[in-house]
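Q: Show me the folded form of this:
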Amino acid sequence: MKIICAFAGAAQGRSPQFSSEAYRLGQMIGARGHKIIYGGGRTGLMGAFADGAVSAGADVTGIIPKFLDNHEVGHKGIGKLIITNTMHERKSYMYKDATDFVVLPGGLGSLDETIEVLTWCQLKLLNAKIHIFDLDGYWQPLHEILSHIIEQGFMHGTNLDYVFWAKTADELIDRL
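A: Numbering: from 1, shown residues only. The predicted structure is shown next:
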């Protein structure tokens, strides 16, 4: 059994497809029996992903800091909700046992977590795979900046051997 840590936006985004695909991906991962850890909110793509996983019977743990519990609204319908004091504590709980990370469309929080995990894998602080759900090309600007960093000699291309890009939920599941 894998432990999947998911990053996803607390907002729904402009396209209804984001929410429906987040729900579907949660269902697909949950149906495979993987344990899921995520940011603990019930709003946006984060909530849709968790709802999908719960509908498939997955073991879902949410981790949310007190100050965000009011904005993202801690999800009471999951197996376990942990409330932390700080963002650093939240991230520590989310990352520590993850075997894989799944990145759905999201905002600055998702981007921050993704860059941090990419860095930690590069530095060998984590040994995990990162699966970027590039739904409708959402994460192409990130792909371009990472390629630019490699082209400019600030990172070796092999530092991204643990990163997989998927345009569909089915493609992501096949690589998970």
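Q: what sits against residue 38?
A: Neighbouring residues of residue 38 by Cβ atoms under 8 Å, 6 or more residues apart in numbering: 5, 6, 7, 8, 46, 49, 50, 60, 61, 62, 63, 94. Glycine gets a C-beta too; all of them are placed from N, C-alpha and C.
Q: can you count the residues close to the last one?
A: The burial count assigned to residue 94 is 24, neighbours taken as other Cβ atoms under 10 Å.
Q: got it, and the fifth one?
A: Taking other Cβ under 10 Å as the criterion, the count of residues near residue 46 is 30.
Q: again with the third one
A: Here the count is done by other Cβ under 10 Å, and residue 7 has 27 residues near it.
Q: Same question for the first one.
A: By the criterion of other Cβ under 10 Å, residue 5 has 29 neighbours.
Q: Please apply the same query to residue 96.
A: 11.
Q: tell me the phi and psi of it?
A: In terms of degrees, to the nearest 10, the main-chain angles of residue 96 are phi -60, psi -40.
Q: Could you check the pLDDT of it?
A: On pLDDT, residue 96 comes in at 92.
Q: And the one 3 residues further on, by the same measure?
A: At residue 99 the predicted local confidence, pLDDT, stands at 97.
Q: can you pull the contacts of it?
A: 2, 3, 4, 128, 129.
Q: returning to that earlier point: let me know the closest of the contacts of residue 38 to residue 168.
A: Relative to residue 168, the closest of these is residue 49; by Cβ to Cβ it sits at 15.3 Å.
Q: Noted, bye for now.
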